[in-house]
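K.L.:
prediction below, plus the sequence it came from.
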Amino acid sequence: MPSTRFRTRRLILRSMLLAAMSQRATAQPAPAPKARDVSVVVARDRIDVRFPAIALDNTGCMESTRLPSGATGRWYEWQVVADFADRTYPNNHFMSVLLFFGLPEGVPLTAARLDSAITATPITVDEARGEPPSTARQWKPTRSWARRERDRLHLHVEGADAVRAFTSTGADSVSVLWCQRDESMSYVRMPLRR
């Protein structure tokens, strides 16, 4: 289970991504090529997400972070967010499916190292509220996995309770977010396929 500091960092990063997304959304629509590469399918007992391809040397969030130990780390994040209808500032209220972890920068990133971290990181379904958001509830899927397929992340969650929690927002669209080093924030907004 991630530490409180880790979960707080995750939620703050997500909040910053959504703030940037809101500002960018008013200025321009999501880029069409990325939208074509993303799919989200929700069924009664599963959520299946495919993110766009990101080259290995471009994977991970733009900035690195100095950790309390003095080491430098980089965050890696893939997330799907469904907003509740009451989401109006400052009441940030949403459900998310999240894969989030950090790796030290001192060792070169290899495909094997990234794949190992993706496989070892638990995927959660979270309800969060507030600004900055904090986790109100968390569901553990019955079964979940993530893997890279030709530089695209494929994320899969199973379990009626976790899926019911995610769809409890009643949202007909979701935000799909991910980190890549050459952009401060990457996302697409898309309809929810059921």
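P.N.:
In hand now; what should we look at? Note that the coordinates shown come from a computational prediction; the quantities given were computed from them, not determined experimentally. Numbering: from 1, shown residues only.
K.L.:
could you give the number of residues near residue 153?
P.N.:
The tally of other residues near residue 153 (other Cβ atoms under 10 Å) stands at 21. (C-beta placed from N, C-alpha, C; glycine too.)
K.L.:
who touches it in this structure?
P.N.:
Contacts of residue 153 were listed using Cβ atoms under 8 Å, 6 or more residues apart in numbering, and they are 50-51, 54, 78, 99, 118, 146-147, 178.
K.L.:
rerun that using 6 Å as the cut-off
P.N.:
51, 78 (Cβ atoms under 6 Å, 6 or more residues apart in numbering).
K.L.:
hang on, it is in a strand, isn't it?
P.N.:
Yes: with DSSP: H, G, I helix; E, B strand; the rest coil as the criterion, residue 153 is part of a strand.
K.L.:
in the sheet, who's paired with it?
P.N.:
Beta bridges link residue 153 to residue 148 when assigned by DSSP bridges.
K.L.:
cool, and residue 73?
P.N.:
residue 65, residue 104.
K.L.:
go ahead and flag the most central residue of the protein.
P.N.:
Closest residue to the average C-alpha location of the chain: residue 79 at 1.6 Å, with Cα atoms, centre = their mean.
K.L.:
any idea which helix or strand carries that residue?
P.N.:
If you go by DSSP states H and E, residue 79 is part of strand 72-83.
K.L.:
list the buried residues for that strand?
P.N.:
Of the residues in strand 72-83, 73-83 count as buried by neighbour count, 16 or more other Cβ atoms under 10 Å.
K.L.:
how about low-confidence regions in this protein?
P.N.:
1-35, 89, 193-194 (pLDDT under 70).
K.L.:
distance of the residue of it most remote from its centre from residue 151?
P.N.:
Here the chain reaches farthest from its C-alpha mean at residue 70, the gap being 26.1 Å by Cα atoms, centre = their mean. Look at residue 70 and residue 151: by Cβ to Cβ, to the nearest Å, they are 32 Å apart.
K.L.:
kindly report the same for residue 68.
P.N.:
In terms of Cβ to Cβ, residue 68 sits 32 Å off from residue 151.
K.L.:
of these two, who's got more company?
P.N.:
residue 151 (14 against 6).
K.L.:
got phi/psi on the more buried one?
P.N.:
When read as degrees, to the nearest 10, the backbone of residue 151 gives phi 70, psi 0.
K.L.:
equivalent analysis for residue 123, please.
P.N.:
The phi/psi pair for residue 123 (degrees, to the nearest 10) is phi -100, psi 130.
K.L.:
got a list of what it touches?
P.N.:
Residue 123 neighbours (Cβ under 6 Å, 6+ apart): 99, 144.
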